[in-house]
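Visitor: sharing a model that was predicted from the sequence below.
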Amino acid sequence: MLVAQRRGLLVRELEASGVLKITELAARLKVSRATIRRDLVDLEAEGRVTRVRGGALVAAAHRAEQPAAPAPPAGPAASASAGRPPAAEQTLGLLVPSATYYYPRVVAGVQAVAAERGARVVIGLTDYARPRDLEQIEELNVAGVTGLLVVSTGGHHLPAVTQERLVATGLPFVLLERQPQDPFDACEFVVTDHRQGAFGAVRHLAGLGHRRVGLFTNGSPTAPLVADGHAAAVRSLGLDGGAPVVDSGRPTLGSAEAAGHYERFLDQCRDRGTRAALVHSDHDAIELMRHMRTQGMRAPEDLALIAYDDEIASLAEVPLTAVAPPKHALGAQAARLLLDRLDAAEPEAVPVRQLTLQPRLIVRASCGARGGA
């Protein structure tokens, strides 16, 4: 059976049954559970399914692709008082720095809510290596979007010049995984509490008896927050502060430079008696595990691992325990905030909302505890 055929059957099974477990899907399609997990990862990235613990269901955006009855036209009084298009005519401009990692699920969350509310989504892609944030904001504005959802390419805090450009458009906007530099700025945003995610991972490892927990990060905008959470957990839990803490600075994945960082980190873990580590991201955790194998080390026996992101963690040779940011919910909540303001008769009367979502820890084999995913 071709991959496309199998995935089509998988979606139809979910449409017919609602929620199904991975074991049930594997039995119905006569393939391995690992194959089903890979299919579900890709189908969720396409916005066709939503994964839940141990299974999946059809995504709201996919259900909404079926023809729906047209919404009744808004009355002239309502249109005049709002001074903006009705919900069915809203177009959300979505600026993201990646279409391949982390953000596909965020995009799927935005699309799901837009479909429920009868709005369109127009995407603008920039790039961490070649940022084009200001140009993309201008292009989305010229394209006639009625509001903006923005993930900038910089760090966790939005660059002042980018915020100035957003304000200059005159369009309502919501930040995703970013906050304004001024903490007192009345700017709407939805973020993941990555500090809490890292804290929870270290606490889990400490609960398994580890007194030294290393940290490996990759120079991403999330890395400083993960490092803050790791450091806070070490202090709060009274752990040994001598475990290695390394940031690789975003080398090319698979390069000699990246390999050198992994090798040095493993050397430091051995030298300092560190037998547990939090690794950001999944890619780095999987590569680190590969280097462990070449050195005769095993996970979790020689080094217990927790990955941060949970994009492909379950597909590792030893399935990785992972911190899972609520990416789909992040996109959905941001879209709701923006559409609530766009659809309001008096947008300025809608309170400014700033949401912080908590990630969850998914326990698998790599940390040495019994997992269920």
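Guide: Structure received. Numbering: from 1, shown residues only.

Visitor: just say helix, strand or coil for the closest residue in space to G214 that isn't next to it in sequence.
Guide: Excluding its sequence neighbours, the residue lying closest to G214 (CB to CB, 6 or more residues apart in numbering) is A277, at 3.9 Å. Any C-beta I mention is one placed from the backbone N, CA and C, and that applies to glycine too. The local conformation at A277, judged by DSSP: H, G, I helix; E, B strand; the rest coil, is strand.

Visitor: please name the bridge partners of A56.
Guide: Counting by DSSP bridges, A56 is bridged to L20, R51.

Visitor: that one against L14, yeah?
Guide: Yes - applying CB atoms under 8 Å as the test, A56 and L14 come out as touching, 6.2 Å apart.

Visitor: overlap in contacts, those two.
Guide: L20, L25, V49 (CB atoms under 8 Å, 6 or more residues apart in numbering).

Visitor: list the buried residues in the helix or strand hosting E139.
Guide: According to DSSP states H and E, E139 maps onto helix 133-142. By neighbour count on 16 or more other CB atoms under 10 Å, the buried set for helix 133-142 is D133, L134, Q136, I137, L140, N141.

Visitor: ok, back up a step: now for the residue nearest to G214, how many residues are close by?
Guide: A277 has 31 neighbours, counted by other CB atoms under 10 Å.

Visitor: so who does it touch?
Guide: V213, G214, L215, F216, A243, F265, C269, L288, L303, A304, L305, I306.

Visitor: now do the helices in the stretch 1-150 of the chain.
Guide: Taking DSSP state H, counting those that start in this stretch as the criterion, the stretch 1-150 of the chain carries its helices at 3-17, 22-29, 33-45, 60-63, 76-82, 103-117, 133-142.

Visitor: coming back round to it: restricted to strands, list the contacts of A277.
Guide: G214, L215, F216, A304, L305, I306 (DSSP state E).

Visitor: what sits closest to the fourth one if chain neighbours are left out?
Guide: Spatial nearest neighbour of A304, chain neighbours left out: A276 (4.2 Å); criterion: CB to CB, 6+ apart.

Visitor: any weak-confidence spans in the protein?
Guide: 1, 17-19, 52-54, 60-88, 371-373 (pLDDT under 70).

Visitor: for the residue most central in space within the chain, give me its contacts.
Guide: Most central in the chain under CA atoms, centre = their mean is K327, positioned 3.7 Å from the mean C-alpha point. The contact partners of K327, taken as CB under 8 Å, 6+ apart, are Y102, Y103, R105, V106, G109.

Visitor: and the two most separated of these?
Guide: Pairwise distances among these were taken by CB to CB; the largest, 12.1 Å, belongs to Y102 and G109.

Visitor: among the two, which residue is more densely surrounded?
Guide: G109 (28 against 20).

Visitor: how far away is the more buried one from R33?
Guide: G109 sits 26 Å away from R33, going by CB to CB, to the nearest Å.

Visitor: cool, A114 as well?
Guide: Where R33 is concerned, A114 sits at a distance of 33 Å (CB to CB).

Visitor: before we move on, what about G229?
Guide: Counting by CB to CB - G229 and R33 are separated by 32 Å.

Visitor: out of these two, which sits in the more crowded spot?
Guide: Neighbour count, other CB under 10 Å: between G229 and R33, G229 has more, with 25 against 14.

Visitor: that one and L253, how far apart?
Guide: Note on G229: its distance to L253, by CB to CB, is 24 Å.

Visitor: my read is R235 is in a strand, agree?
Guide: No - under three-state DSSP, R235 falls outside any strand and is assigned helix.

Visitor: distance of it from V352?
Guide: 33 Å.

Visitor: equivalent analysis for R33, please.
Guide: 45 Å.
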